Each structure stands twice: as C-alpha cells, then as structure tokens.
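Colleague: What follows is a protein structure lacking sequence information:
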C-alpha cells in the first residue's frame with residue numbers, strides 16, 4: 001500500500017573523491033518549479049481544505065486530547081512508515097535519536113508501533129546544529145544508535161541561517177558516526193531531485209543494505225516532501241571517513257556559502273553517478289511530481305467530475321489505511337465513523353430543504 005520505491009543495488013568500499021573546486025551549474029527541475037509557481041499561499045490552503053479527511057481529523061483530535069500534544073498530520077505518515085518497515089522486526093532497536101521539528105509525532109509513532117517500554121529516545125533541536133558538530137571526535141565513545149530519524153522538511157530557513165539541505169549535509173556525518181552497524185536512518189526532505197541530493201543518495205546507497213524513497217499513502221497529496229529510508233548500515237565508518245565528510249560539508253556550507261543559499265546544482269563527488277542509478281531517481285521524482293501536479297491542476301481548474309472521482313478513491317484508501325493502523329489509536333473508531341455519518345445525513349437533509357425553498 002505504501003509508495004516506497006527501492007534504489008538500485010550499488011556497493012563502494014571507500015568514499016568517492018570530493019570535487020576540488022565547487023562548480024555551481026544551472027540545473028533546474030521543471031516539474032518542481034512549475035509546482036512551486038502554481039502553489040501560491042491561497043492555492044495551498046485550498047488544496048489542504050480539499051484533501052484533509054474528516055475521519056482522520058477526528059482521530060487526530062482525539063489523539064491530541066489524550067496525549068496533551070498538538071500533534072500534526074505528519075504523525076500518521078510516520079505511523080505508516082514505521083508500521084511498514086519495522087512492525088515485524090524491531091526487537092534489536094532500542095536506542096533512537098529524533099532530530100528536527102516533528103519529534104512529538106515521531107515519538108508517539110515509535111512507541112505505538114514498536115510497543116517496547118525499553119526504548120531509549122533522544123531528541124535534538126535542529127537550531128542547535130553548529131554546537132552539535134563542534135566536537136565530533138568526542139562523540140565517538142557515546143552510546144551507538146539503532147535508528148536515527150531526521151526531519152527538518154517543514155523548515156525553509158533555520159535560526160542558524162541554513163536551509164534544510166544544508167542542515168542535512170552538516171549533520172549527516174554525525175548521524176553516521178552515531179549509528180550502529182546494521183542500524184537505519186529515516187530522512188524527511190523536500191528535495192530528492194537536485195544534483196547535491198543525488199550525490200548523497202548515491203553515497204548512502206553504497207553503505208546501506210537498502211535505500212528507499214517513499215511518500216506514504218496517508219500524506220496530503222499536495223505536500224512535496226518525501227522520506228529517504230536507509231536500512232541496514234553494512235560497513236563501519238571510521239572517524240577518518242566521518243571527518244572527511246564533515247570537513248568538506250563545513251567548508252562548503254559555512255566557509256564558502258556564508259549567508260547565501262547553497263546552490264543545489266553543485267557536485268560533491270568527482271565520480272559520476274551511474275546512468276541507471278540517476279535514471280531511477282528521475283523516474284521516482286517523475287512519479288511523485290506528477291501526482292502532486294495532477295492534483296494541483298485538478299483543484300485549480302475546478303474539474304468537479306475528476307475531483308469527485310479523486311475524493312471517492314482517496315476516501316476508500318484512507319478507510320483501508322485506518323483498518324490497517326487502527327490498533328495504534330486509543331480512540332473509538334466506530335463512534336467517529338457513526339458521528340460523521342450522522343453529520344453527513346443532517347447536512348444532506350438541510351441541503352435538500354434549502355433547494356426546495358429556493359425552487360419555490
């Protein structure tokens with residue numbers, strides 16, 4: 001059910017050589033630019049209003065009341081990801097770090113899916129990034145992690161003046177240093193199409209057993225973030241490799257870039273990405289981009305017949321999703337359905353009366 005696509009199998013024994021000179025080539029993703037131009041603030045609001053499901057909203061409201069946190073829709077996305085990737089095999093996962101702005105939603109989902117009272121969950125604030133990487137050598141003796149969840153996808157510019165890609169690149173060496181061999185990383189980003197990220201996907205795919213790019217089915221269709229799921233770190237990365245990564249990214253982002261936004265078309269490695277690997281990433285981006293674009297155009301053009309057909313299909317999917325994941329909610333699902341059906345019946349009666357009055 002989950003839209004989770006695996007990247008091709010690649011293995012590298014050593015880290016590729018970094019480029020000697022940073023070259024910012026002008027390289028644009030046409031679909032992404034088109035979507036950004038279409039999705040103005042007013043259009044985004046309309047897309048959300050059209051796509052938010054009332055049943056899911058009621059479940060979220062009940063969870064917030066019980067959990068005393070103002071959880072957001074992203075909670076359901078993490079539930080789906082953890083359920084599909086870790087619900088069967090999670091006994092070995094005990095030490096977890098959450099980094100970013102969705103920590104409450106991530107922790108709720110982890111505890112529900114893993115059902116392990118011995119989970120040791122650490123949280124870190126994305127705005128403390130520079131302090132986190134200052135003493136990387138001193139972190140070699142810290143307790144290793146079994147799972148790392150990194151999510152700054154809802155940030156544009158952090159307090160440190162960096163965007164999500166810059167924070168990801170700076171923190172990646174520390175993620176890898178902290179990770180146990182066999183451990184995994186889940187990364188939420190808005191970008192999987194730029195040259196920068198394709199270089200990093202190539203590198204991550206060479207050191208993990210499997211790397212996926214995914215957009216959970218429960219996602220609001222117009223959202224453009226996606227999740228990179230890295231499972232099973234295959235080789236131990238020594239401190240020299242970690243330091244090389246950190247020194248290069250620090251020089252690239254902090255020293256060279258300054259206050260400018262890092263050009264996403266910059267290459268990181270001298271080694272060219274194999275064409276079959278790049279084509280697979282392009283294919284995944286086309287699938288996800290087309291889904292977002294088609295839905296956006298359908299709402300903008302107000303194509304009622306297509307919108308009705310879309311909602312019918314989406315509501316059926318959500319009903320199936322709820323049936324699979326309902327055991328993670330301490331809420332009365334049947335009552336929520338019953339209440340919503342009663343509200344719908346009342347609304348239909350009122351609409352009928354209004355039509356009759358207007359016709360008279």
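Modeller: Received it, and whenever you're ready, just let me know what you need. Just so we're clear, the structure is a prediction, and the values are computed from it rather than from any experiment.

Colleague: for this structure, what's the longest strand?
Modeller: Selection of the longest strand in the chain by residue count, based on DSSP state E, yields strand 179-189.

Colleague: ok, residue 228 to residue 332 distance?
Modeller: 36 Å (C-beta to C-beta, to the nearest Å). Where you see a C-beta, it was placed from the backbone N, CA and C, and this is true even at glycine.

Colleague: Who has more neighbours out of the two?
Modeller: residue 228 (22 against 12; other C-beta atoms under 10 Å).

Colleague: Okay, helices next: where are they in the stretch 151-300 of the chain?
Modeller: 164-178, 195-207, 239-250, 275-300 (DSSP state H, counting those that start in this stretch).

Colleague: JSON lines for those helices, including mean pLDDT and mean neighbour count?
Modeller: Shown next, in JSON lines, are the helices of the stretch 151-300 of the chain (pLDDT from 0 to 100; neighbours: other C-beta atoms under 10 Å):
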{"stretch": "helix 164-178", "mean pLDDT": "87", "mean neighbour count": "22"}
{"stretch": "helix 195-207", "mean pLDDT": "89", "mean neighbour count": "21"}
{"stretch": "helix 239-250", "mean pLDDT": "85", "mean neighbour count": "17"}
{"stretch": "helix 275-300", "mean pLDDT": "89", "mean neighbour count": "16"}
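
Colleague: Out of those, which gets nearest to residue 14?
Modeller: helix 239-250 (7.8 Å; C-beta to C-beta).

Colleague: Domain boundaries for this protein, per the record?
Modeller: 3-329, 334-360 (automatic domain parsing).

Colleague: just to revisit the earlier point, adding distance to residue 31 as columns, could you present the helices of the stretch 151-300 of the chain in JSON lines?
Modeller: Below are these laid out as JSON lines (distance: least, C-beta to C-beta, whole Å):
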{"stretch": "helix 164-178", "distance to residue 31": "18"}
{"stretch": "helix 195-207", "distance to residue 31": "15"}
{"stretch": "helix 239-250", "distance to residue 31": "27"}
{"stretch": "helix 275-300", "distance to residue 31": "4"}
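
Colleague: Can you check which of those gets nearest to residue 84?
Modeller: Of all the helices of the stretch 151-300 of the chain, helix 275-300 comes closest under C-beta to C-beta, at 16.9 Å.

Colleague: that older thread, single out the most deeply packed of the domains of the chain.
Modeller: domain 3-329 (a mean of 17; mean count of other C-beta atoms under 10 Å).

Colleague: if I look at the residue lying closest to residue 332 once chain neighbours are set aside, how far off is residue 119?
Modeller: Leaving aside its chain neighbours, residue 332 sits nearest to residue 62 (8.0 Å; criterion: C-beta to C-beta, 6 or more residues apart in numbering). Residue 62 sits 23 Å away from residue 119, taking C-beta to C-beta as the criterion.

Colleague: sorry, back to before: and of the helices of the stretch 151-300 of the chain, who's closest to residue 8?
Modeller: Nearest of the helices of the stretch 151-300 of the chain (C-beta to C-beta): helix 275-300, 5.3 Å.

Colleague: mind checking how far the closest one is from the chain centre?
Modeller: 16 Å (C-alpha atoms, centre = their mean, to the nearest Å).

Colleague: Any idea which of the domains of the chain has the lowest pLDDT on average?
Modeller: Among those, domain 334-360 carries the lowest mean pLDDT, at a mean of 67.
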